[in-house]
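Chemist: sequence plus predicted model, see below.
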Amino acid sequence: MPTPEERLAEAKELSGLPPVVAICGSTRFMAEMNEADLRETGAGRIVVKPGCDLKAPHALWSDPDEAAALKIRLDELHRAKIRLADEVLVVGDYIGDSTRAEIAYARSLGRPVRFTHPEVDPGRPPAAPR
């Protein structure tokens with residue numbers, strides 16, 4: 001019996017959907033994420049990315065308790081976007097704990113992970129000393 005992931009992959013193939021890319025990274029790179037979205041969309045890919053920047057003021061997360069609960073829901077939603085995606089694109093030259101966890105999650109699912117700045121890949125072997 002196929003796994004849910006195998007059934008999803010088969011359904012996407014049967015429906016002729018283009019590849020889906022999940023953009024990950026710190027929300028400090030929202031402008032870069034938007035640029036990556038344009039480029040990926042222009043290349044014929046469906047893009048999913050963070051939709052809320054909790055670092056920017058907004059009434060939806062002005063209450064600290066509501067913001068904490070929203071952060072949990074957004075993290076769960078972003079993991080669902082990673083499951084939906086065929087690959088992940090990590091944007092920015094900084095990898096924090098949340099992004100590091102998203103990369104590990106994507107790799108645990110067998111999703112290819114690309115980086116706009118490959119030198120920050122936490123799975124990249126360290127450079128040899130000179």
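Modeler: Received, thanks. Bear in mind the structure is a predicted one, so any value in this text is a computation, not a measurement.

Chemist: now the residue positioned nearest the centre of the chain: phi and psi?
Modeler: Residue closest to the average C-alpha location in the chain (CA atoms, centre = their mean): residue 24, at 3.0 Å. Main-chain torsions, residue 24, degrees, to the nearest 10: phi -120, psi 160.

Chemist: need the nearest residue in space to it, chain neighbours excluded.
Modeler: Computed as CB to CB, 6 or more residues apart in numbering, the closest residue to residue 24 that is not its neighbour in sequence is residue 102, at 4.6 Å. All C-beta atoms are positioned from the backbone trio N, CA, C, and that covers glycine.

Chemist: give me the buried positions along the longest helix seen in the chain.
Modeler: The longest helix of the chain (DSSP state H) is helix 64-84. By neighbour count on 16 or more other CB atoms under 10 Å, the buried set for helix 64-84 is 74, 78-79, 81-82.

Chemist: now do the helix or strand just after it: distance to the chain's middle.
Modeler: As assigned by DSSP states H and E, the chain's next helix or strand after helix 64-84 is strand 87-90. With CA atoms, centre = their mean, to the nearest Å as the basis, strand 87-90 stands 6 Å off its chain's centre.

Chemist: what's the answer for stretch 86-102, then?
Modeler: Here stretch 86-102 is found 6 Å from its chain centre; the criterion is CA atoms, centre = their mean.

Chemist: with stretch 28-45 instead?
Modeler: Per CA atoms, centre = their mean, the centroid offset for stretch 28-45 relative to its chain is 12 Å.

Chemist: next one: stretch 66-74
Modeler: Chain-centre distance of stretch 66-74: 17 Å, with CA atoms, centre = their mean.

Chemist: what is the orientation angle of the helix or strand harbouring residue 8 with helix 64-84?
Modeler: Applying DSSP H and E as the criterion places residue 8 in helix 4-14. With axes from the mean of the first three to the mean of the last three CA atoms, to 10 degrees applied, the angle from helix 4-14 to helix 64-84 works out at 60 degrees.
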